[in-house]
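fold the following for me, if possible:
(one chain, ligands or ions: 1)
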Amino acid sequence: MNARATNPLDFFQVRELLSDEERLVQDTVARFVDARAIPLMRECFEQHRFPKELIPEIAELGLLGPSIEGYGCAGMNAISSGLICQELERGDSGLRSFASVQSSLVMFPIHHFGSEAQREKYLPRMARGELIGCFGLTEAQGGSDPGAMRTRAVRRGDEWILNGSKMWITNGNIAGVCVCWAMTDEGIRGFLVDTDTPGFKAQEIENKFSLRASITSALFFDDVRVPDSQRLPGAAGLKGPLSCLTQARYGIAWGAVGAAQACLAEVLEYTGERVMFGRPLAGTQMIQVRLADMARRITSAQLLALQLGKLKDRGVMDPAQVSLAKWNNCRMALDIARDCRDMLGGAGISAEHGAIRHMLNLESVITYEGTETVHQLAVGRALTGLNAF
Ligand SMILES: Cc1cc2nc3c(=O)[nH]c(=O)nc-3n(C[C@H](O)[C@H](O)[C@H](O)COP(=O)(O)OP(=O)(O)OC[C@H]3O[C@@H](n4cnc5c(N)ncnc54)[C@H](O)[C@@H]3O)c2cc1C
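Residues are numbered from 1 along each chain as shown. Below is the predicted model of the structure:
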């Protein structure tokens, strides 16, 4: 037998490019995911439930709002935040979705667009995991064109009255606060709606085949009154929600690497042990070509995510670069998960193996936060200067 790669999941020793602190963050989250999350995820997926019991530990590790400075947050750099997503999604995309929404879609806009009073009111509790947030942008008539939203906020003196509905909202039923994006006479504005406000209702979407270990909801706003002090003062127009999505898509680009690594690890073990025609499956040329292709694609995705993180830390990351990374890495992970499912044969359709769970999850991950087509068009626009949407 010949020598194997030192770490088949890190074929190019990308970890060498990380700082000591970044490696520490990765190892800490990896230990939590291995010990606490992975043993739970299969059961949660089968039972269609989010593992709420993990929230205190996730918060204790500083994984909520990790890149925010102050307000009880950890103040990590972009690469560490990316590694958090990678490790969480190695466990399950639902776990990473929970953390992404809390950190990038709710804590980020409060920190970036909010008043000092809003930051003080929400961020420390959100960092401790005592308050969960959700982000209401998508509506039933179409998520790819959020500018066509029908939810309206009308000003009455010092108050706003919100009417409308949102669809496919992660964390909706466990959220204490919703960042609701609504059309006003001056364009799109963001409102912090405490979910105990009269007229607000969240209804969980049942029977999903994907992200079953994540909560997804429809939200209804029926004459919901919020004071002007709950409007995000720094957000005006579509660039408000889009800049939140850029943060979350950055995390997804890293997270998808984790899901693909989990699938490759599983299939390496399985094909190494499963004997067919007198030799292990892993000893056949076709299986090796498929495994080699996975290592190639994971390596490219790792390097793409890392360079994106470096650009983000330097403050020069462009949304079109994020689009390319989200598109590439989700496509890579979904293709790998599907191929791993196939290489497990009949066993691949059983929940005993992770590949089908990751595969089904990734169908959502490639769709939400901008579908693959939306990101391809964003890259096309950056290349040509022409808007083809
Ligand atoms: C599990 C899950 C969780 C989610 N969580 C959230 C959340 O927390 N908050 C939130 O606001 N939203 C959330 N979403 C919504 C998500 O962002 C949308 O589903 C997504 O943006 C796509 O919108 P849509 O479903 O309306 O599809 P549509 O926009 O109707 O798209 C349908 C198809 O048309 C294609 N298409 C669209 N425009 C074009 C075009 N110009 N040219 C060619 N093809 C095009 C799309 O690529 C897609 O294939 C979530 C979705 C899911 C599935």
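
can you list the residues of the chain near the ligand?
101, 135-138, 142-144, 168-170, 211, 216, 364, 367-371, 373-374, 389 (C-beta under 6 Å from any ligand atom). C-beta: built from backbone N, CA, C; applies to glycine.

at 5 Å what do you get?
135, 137-138, 142-144, 168-170, 211, 216, 364, 368, 371, 373, 389 (C-beta under 5 Å from any ligand atom).

and whichever residue of the chain sits closest to the ligand, how many neighbours?
The chain approaches the ligand most closely through Gly143 (2.4 Å), counting by C-beta to the nearest ligand atom. Counted with other C-beta atoms under 10 Å, residues neighbouring Gly143 total 20.

that one belongs to a helix?
No: counting by DSSP: H, G, I helix; E, B strand; the rest coil, one finds Gly143 to be coil, located in no helix.

that one and Lys166 touch, don't they?
No: using C-beta atoms under 8 Å, Gly143 is not in contact with Lys166, being 9.9 Å away.

what do those two both touch?
Leu137 (C-beta atoms under 8 Å, 6 or more residues apart in numbering).

which helix or strand contains the closest residue to Leu211 other than its chain neighbours?
By the measure of C-beta to C-beta, 6 or more residues apart in numbering, the closest residue to Leu211 outside its immediate chain neighbours is Ser364, 4.6 Å from it. Assessed by DSSP states H and E, Ser364 sits inside helix 355-365.

ditto for Arg155
Per DSSP H and E: Arg155 is located in strand 152-156.

looking just at contacts, which helices and strands does the strand or helix carrying Ile188 meet?
Under the criterion of DSSP H and E, Ile188 resides in strand 187-194. When contacts are defined as 3 or more C-beta pairs under 8 Å, 6 or more residues apart in numbering; DSSP states H and E, strand 187-194 sits against helix 108-113, strand 159-170, strand 177-184, strand 216-227, helix 239-273.

pLDDT score for the residue lying closest to Asp223 once chain neighbours are set aside?
Closest residue to Asp223 apart from its sequence neighbours, by C-beta to C-beta, 6+ apart: Gly199 at 4.9 Å. On pLDDT, Gly199 comes in at 98.

just checking, Gly199 touches Phe221?
Yes: in this structure, Gly199 is within contact of Phe221 by C-beta under 8 Å, at 6.4 Å.

anything in contact with each of the two?
Leu162.

counting neighbours, go ahead and name the busier of these two.
Phe221 (25 against 15).

how much space between the more buried one and Thr151?
Using C-beta to C-beta, to the nearest Å, Phe221 is found at 6 Å from Thr151.

tell me what the next helix-or-strand element following the strand holding Ile188 is packed against?
Sequence order places strand 200-204 as the next helix or strand after strand 187-194, per DSSP H and E. Contacts defined by 3+ C-beta pairs under 8 Å, 6+ apart place strand 200-204 against strand 216-227.
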